[in-house]
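Novice: Quick one: sequence plus predicted model below, questions after.
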Amino acid sequence: MLNFPYPYEDELTYSILARASAHFCSFSHKTWLELTLKNRCAIATIDFPSHLDELTKLFFLGGISSELLIYQHTLFPLCSPFIPLARKVKCIDWMKAKSNGGTHLMSGWAASRLPKLQLIRYCPMCISEQIDSYGEAYWVRMHQVIGLVSCTKHNCLLEEVSQFNHKRHRHEYYPATTVNLMMPPRLGYDEFDQRLSLPIQSLLNRGSHPSPSYKQWTSYYRHLIQQSQCTKGKYCSFEAVKEKVLHYWPEAWLKQYNLWPLDSSNSWLHCITRKHRKSFSYLEHIVILHALYDGSWEIEDVLEDVGSIKNIHTPQLDHEIVLNTQLNIRELKAKWLQLVKVLGTKVARATSGGGLYMQLYRNQHSWLMKLNKRYRRPIDNMTNRVNWHQRDIETTKRLIKARDQVEQDLLLPRQSKLWFMQQLPNKAAIEKNLHKLPITNKFLNVYQETVSEYQIRRITRVLTYEQSLPFWMLIKHAGLSEERMTDITRKLCELHGFV
Ligand SMILES: [Zn+2]
């Protein structure tokens, strides 16, 4: 596409499309998606965008590959070193073509305990600099990283764009030029940001490298725990590791990023010091690495060392594995038997016996399975049963409230069934069980906005500020095209003398 803008340094892919849509004066979000990504239903994603192969075709002189966009203009580099190779390859394939949310699942981002960013963030001083240098503003990738609260270049707190609502405008690219710079920048030094910015910057700029396996990460942490003298005999001393972590990262900070509590046997800190069976987020790795290295370390060196470990069998060093003697095994078995006799297997595992179950599962698997079969109890579903009628009424009330709140808002996207359901806190559960919710279903069928109604709303929106436009300009401002205009919309335009 002639004059399609090239990315700036550390600019989000989302931002390139947002800037371009402003350059090309695109009025319709969906037409813009069709024109650029060849898919009217693509979601304007900030972190892990898709359809990048289509996007690369738009740069008139070429020179930009999908891989370059992924590694320099998305947040994927924060996940890629910490997930196994097969998953990384799959994520990249999805981002190049169609993803359907697969990248968020496969990269571990959806399941990660870290809070998800709901709004776009920016540094007012960076925006001013961008306008001075380039004549336009853009969204910076580093500002969207969870864990950072300030721009470390200016020591300025990041601001959130309050007008941006991704839940409402899933197909809209919101340009940074709309940022209000009337408010003075809030200067502030954050010691945790100073600690985090370097490893995060290194991860973002690292480019494509082979991904270490779970075995390599397990070996690396075992060795590091020994090196930092956090061991008790040949086992890991969790208390010593925890003490080091708390020395650098206080409870309040950990809570802010859902990295608290640390004590339960299933906590992330326990799991990361044991044999790795799943991926951990960049923030979890940074927190423990910074603590175990007492602050003097570099993520580049760590990743190089992990990658150089051979995938060989390493001796066990787990604080929970103390099953060396037959005596211990007998004790654990007796404890588990006592629990399941009283509670049944499922409840015993879910309550106090979780850790015990895991130890026996790993070491006495066939004995455990046989015993559990004998003490299995049917779960009393009666107590957990959902009152669907009550839920039906509550959901309908919520939908009525959502409809009333936006009644005067002419800027909203089409209020389809999906749009209404997205306004609910439990969208997935409602969508899946819609057949059990007759009143909700009725509401959605009656109050969903038809395509004609939506087109008429957009025309009305334009007419509220300009009545004497020629027909071609009216439909352009309303983001419509003659081919997609329904008969009813056309009739309305004819009646008002526009055609
Ligand atoms: Zn800044």
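Specialist: It's in.
Novice: only C-alpha atoms for contact and neighbour calcs from this point on.
Specialist: Fine.
Novice: now the residue of the chain found nearest the ion: how far from Leu148?
Specialist: Nearest residue of the chain to the ion (CA to the ion) works out as Cys126 at 4.0 Å. Going from Cys126 to Leu148 by CA to CA, to the nearest Å gives 15 Å.
Novice: Up against the ion, what does this structure have?
Specialist: 123, 125-126, 151, 154 (CA under 5 Å from the ion).
Novice: could you flag which of those are buried?
Specialist: 123, 125-126, 151 (16 or more other CA atoms under 10 Å).
Novice: Can I get those residues in TSV including pLDDT and secondary structure?
Specialist: Listed next are those as TSV, based on pLDDT from 0 to 100; DSSP: H, G, I helix; E, B strand; the rest coil:
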residue	pLDDT	secondary structure
Cys123	95	coil
Met125	94	helix
Cys126	95	helix
Cys151	95	strand
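Novice: Would you reformat these as CSV and include distance to Pro5?
Specialist: What follows is these, written out as CSV (distance: CA to CA, whole Å):
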residue, distance to Pro5
Cys123, 22
Met125, 23
Cys126, 19
Cys151, 25
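Novice: Pick out whichever of these sits closest to Leu356.
Specialist: Distance to Leu356, by CA to CA, is smallest for Cys151 among those, at 45.6 Å.
Novice: Report the contact partners of that closest one.
Specialist: Applying CA atoms under 8 Å, 6 or more residues apart in numbering to Cys151 gives the contacts 123, 143, 157-158.
Novice: can you rerun that using 10 Å?
Specialist: When contacts are counted by CA atoms under 10 Å, 6 or more residues apart in numbering, Cys151 touches 122-126, 142-143, 157-159, 187-190, 193-194, 197.
Novice: next one: Lys90
Specialist: By CA under 10 Å, 6+ apart, the contact set of Lys90 is 96, 99, 102-103, 106-107.
Novice: now, among the residues of the chain next to the ion, which is nearest to Ser279?
Specialist: Cys151 (27.9 Å).
Novice: For that closest one, give its distance to His143.
Specialist: Cys151 is 7 Å from His143, by CA to CA.
Novice: so what sits against both of the two?
Specialist: With CA under 10 Å, 6+ apart as the test, Cys151 and His143 both reach 122-123, 157-159.
Novice: so what's the closest residue to Leu292 other than its chain neighbours up against?
Specialist: Nearest non-adjacent residue to Leu292, counting by CA to CA, 6 or more residues apart in numbering: Ser228, 6.0 Å away. Shown in contact with Ser228 (CA under 10 Å, 6+ apart): 240-241, 244, 291-294.
Novice: And for Tyr189?
Specialist: So Tyr189 contacts 149-152, 154-157 (CA under 10 Å, 6+ apart).
Novice: Looking at those residues, which two lie furthest apart in space?
Specialist: It's Val149 and His154 that sit farthest apart of the contacts of Tyr189, by CA to CA, at 12.1 Å.
Novice: which neighbours do these two share?
Specialist: Shared contacts of Val149 and His154, counting by CA under 10 Å, 6+ apart, come down to 123, 188-189.
Novice: okay if I get these as CSV plus distance to Leu203?
Specialist: Formatted as CSV, these follow (distance: CA to CA, whole Å):
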residue, distance to Leu203
Cys123, 21
Gly188, 24
Tyr189, 22
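Novice: helices or strands up against the helix or strand where Arg461 lies?
Specialist: Using DSSP states H and E, the secondary-structure element containing Arg461 is helix 451-465. Helices and strands touching helix 451-465, by 3 or more CA pairs under 10 Å, 6 or more residues apart in numbering; DSSP states H and E, are helix 471-477, helix 487-495.
Novice: Please work out which of those is packed deepest.
Specialist: Most buried of the helices and strands packed on helix 451-465, by mean neighbour count (mean count of other CA atoms under 10 Å): helix 471-477, with a mean of 16.
Novice: quick one: which of the contacts of Ser228 sit in helices?
Specialist: 240-241, 244, 291-292 (DSSP state H).
Novice: Just among the residues you listed, which is most surrounded?
Specialist: Leu292 (25 neighbours; other CA atoms under 10 Å).
Novice: didn't it look like it was pressed against Leu246?
Specialist: No - counting by CA atoms under 10 Å, Leu292 stays clear of Leu246, with 11.0 Å between them.
Novice: Please spell out the segments of the stretch 301-450 of the chain that come in under the pLDDT threshold.
Specialist: Low-confidence segments of the stretch 301-450 of the chain (pLDDT under 70): 311-327, 379-384.
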